[in-house]
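**Q** next come a sequence and a model predicted from it.
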Amino acid sequence: MTGVADRTVVVAGAGGVGGRAVCAALTAAGAHVVAVGSRAESLAAVDAAETAVVDLADPAAVSEWAADLRARRPNIDGLLHLVGGWRGGSAPDDFAWLERRVLTTLRVVSRELRDDLTASSAGRLAIVSSASVAQPKWGMANYVTLKSAAETWVQALASGWRTKGTPTAAVTFVVRALDEPGAVDNLAAACSALWSVGHDELNGALVDLAQQI
């Protein structure tokens, strides 16, 4: 593997604490980082080659943005979905709020960039899930249900790439909480290393970053 240097990597949810750290690590490693967020102010100080304000839950907006990106960067090698959001409980309004952020954004942007990642010499897609999915509690029923659904979506992508036999991988990183000491640094390092590991080892992997703290 040749690493992430000179590769084009899209970081969705780049304005959050995890996104900022990941963008900085990728930029330091020589990647062309495309930082995407929903608010311009959240992207103001992100360390990236370029930034874009896009509603990742809107298929038309994502398609327009992706077409513009391809015109400038025809090879897209990575999608790191770090769009966050947290609400506890099981209320319908909270479910809808979380679903748009946790699942819809992932479905929309991964469908749009799937062919690009397939065509890459080392396409990589990664999401961040929660250790709470393995031990669901009623007090966070909405959250763990949607995180579980996101994990399933990634496994489906992994299966498709495995069937095609392409050098592409879809990975789920599992954390307890990004505000734990060392959690953000671990995530940034793990994301940067995705292009230093073979796709056969990575594709479909559930990587427990919580165990590395």
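**A** Done, it's in. Numbering: from 1, shown residues only.

**Q** what helix or strand does T118 sit in?
**A** Assessed by DSSP states H and E, T118 sits inside helix 105-119.

**Q** who does that helix touch, helix- and strand-wise?
**A** strand 8-12, helix 59-72, strand 78-81, strand 124-130, helix 141-164 (3 or more C-beta pairs under 8 Å, 6 or more residues apart in numbering; DSSP states H and E). For every residue, glycine as well, the C-beta is placed using N, CA and C.

**Q** any chance of these in a markdown table, plus mean neighbour count?
**A** As requested, the helices and strands packed on helix 105-119 are exported to a markdown table (neighbours: other C-beta atoms under 10 Å):
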| stretch | mean neighbour count |
| --- | --- |
| strand 8-12 | 26 |
| helix 59-72 | 14 |
| strand 78-81 | 26 |
| strand 124-130 | 24 |
| helix 141-164 | 18 |
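
**Q** V197 is nearest to which of the ones you listed?
**A** Among these, the nearest to V197 by C-beta to C-beta is strand 124-130 (9.3 Å).

**Q** report the central residue of this protein.
**A** Nearest to the geometric centre of the chain sits H81, at 1.8 Å (C-alpha atoms, centre = their mean).

**Q** so which of the helices and strands packed on helix 105-119 is nearest D179?
**A** Once the helices and strands packed on helix 105-119 are compared by C-beta to C-beta, strand 124-130 is nearest, at 12.8 Å.

**Q** gap between that closest one and the chain center?
**A** 5 Å (C-alpha atoms, centre = their mean, to the nearest Å).

**Q** let's see that strand as CSV, backbone CA atoms only.
**A** This file holds the C-alpha atoms of strand 124-130, laid out as CSV (Å, rounded to 0.1, in the frame of the first residue of the first chain):
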residue,chain,number,x,y,z
ARG,A,124,-12.0,3.5,1.5
LEU,A,125,-15.2,4.3,3.4
ALA,A,126,-15.5,4.5,7.2
ILE,A,127,-18.0,5.5,9.8
VAL,A,128,-17.9,5.9,13.5
SER,A,129,-20.4,3.8,15.5
SER,A,130,-21.0,3.4,19.2
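
**Q** tell me the buried residues in the helix holding T118?
**A** Neighbour-count burial for helix 105-119 flags 105-110, 112-114, 116-117 (criterion: 16 or more other C-beta atoms under 10 Å).
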